[in-house]
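A.B. asks: Starting from these lines, generate the structure:
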Amino acid sequence: MSQSPTTQEDESQAPAINTCGTYAVSGLASGRLSFTPAEPVYPEDNEPSTAEVIKAAYPEIAAVAGWAEKIVAVANSLQIADPGWLANVMWFESLLDPSKTNASFGCTGLIQFCPNSGAQKVGKTTDELRRMGAVEQMDYVEAYLREYRGRMNSSADLYMAIFFPIAVGKGPNYNIYNWYLTNKGAASAARYLEANAGIRTAGDYQSYADRRARLPTALRTEAVAAL
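C.D. replies: Numbering: from 1, shown residues only. Okay, here's the model as predicted:
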């Protein structure tokens with residue numbers, strides 16, 4: 001998954017989308033997948049994840065001094081309700097490997113910065129990002145997400161800010177595949193599916209990511225607000 005389209009030739013013509021990541025599989029085959037909405041997981045005390053909670057859930061983060069604390073600081077700066085959501089999405093996008101690179105499209109890093117979109121937006125090349133350690137690269141995760149500050153009120157909004165920003169706040173039924181079909185044509189839409197596990201809607205992505213999350217994916221206040 002990522003911040004710009006799956007095919008680099010589309011990047012300059014599309015909104016900032018980052019679609020191509022670690023869990024991508026053949027979309028033409030996986031387009032037959034049925035995405036069952038994942039039930040949101042609430043923290044027992046409804047409190048956001050602390051650095052210690054993040055370390056317990058993700059030993060990969062605990063192994064890097066200061067990383068969990070940096071995730072909390074970045075989340076707080078961006079007004080993300082639960083820092084655990086940020087850890088979850090970085091796990092989903094890159095398996096928490098700051099040098100992880102998509103072989104097909106060159107997207108790299110913790111949130112899979114694409115060369116002509118995400119990386120360009122934060123003023124770095126993918127090579128520069130790839131050489132950074134996790135804590136340093138968090139500054140660029142924050143820089144990428146800064147324009148969505150205050151708008152990432154659910155884990156789904158955070159996911160879309162990274163994967164397909166025009167879907168932020170538009171709910172789980174927003175159809176990303178139809179955006180490609182309408183704006184780029186059938187061939188581009190097929191390439192999108194091929195790189196993104198058959199994910200058609202924002203809800204598909206949310207379900208796919210939530211099922212792999214190690215930390216809670218929602219706060220109970222979200223459920224109350226939906227009533």
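A.B. asks: From here on, just use CA atoms for contacts and neighbour counts.
C.D. replies: OK.
A.B. asks: Hmm, Arg200 is touching Asn175, no?
C.D. replies: Yes: using Cα atoms under 8 Å, Arg200 is in contact with Asn175, at 5.9 Å.
A.B. asks: The two: which is more packed in?
C.D. replies: The neighbour count for Arg200 versus Asn175, taken as other Cα atoms under 10 Å, is higher for Arg200 (22 against 18).
A.B. asks: which ones are touching that one?
C.D. replies: 175-178, 193 (Cα atoms under 8 Å, 6 or more residues apart in numbering).
A.B. asks: The residue lying closest to Asp139 once chain neighbours are set aside sits in which helix or strand?
C.D. replies: Excluding the flanking residues, the one nearest Asp139 by Cα to Cα, 6 or more residues apart in numbering is Val74, at 7.9 Å. Using DSSP states H and E, Val74 maps to helix 67-77.
A.B. asks: where's that helix relative to the chain centroid, distance-wise?
C.D. replies: For helix 67-77, the separation from the chain centroid amounts to 16 Å (computed by Cα atoms, centre = their mean, to the nearest Å).
A.B. asks: Against which helices or strands is the helix or strand that comes right after it packed?
C.D. replies: In the C-terminal direction, the helix or strand that comes right after helix 67-77 (DSSP H and E) is helix 83-94. Packing partners of helix 83-94 (3 or more Cα pairs under 8 Å, 6 or more residues apart in numbering; DSSP states H and E): helix 67-77, helix 155-163, helix 202-210.
A.B. asks: Which of the ones you listed has the highest mean neighbour count?
C.D. replies: The highest mean neighbour count among the helices and strands packed on helix 83-94, using mean count of other Cα atoms under 10 Å, belongs to helix 155-163: a mean of 27.
A.B. asks: ok and it relative to helix 202-210, angle-wise?
C.D. replies: Helix 155-163 and helix 202-210 meet at an angle of 100 degrees, taking axes from the mean of the first three to the mean of the last three Cα atoms, to 10 degrees as the criterion.
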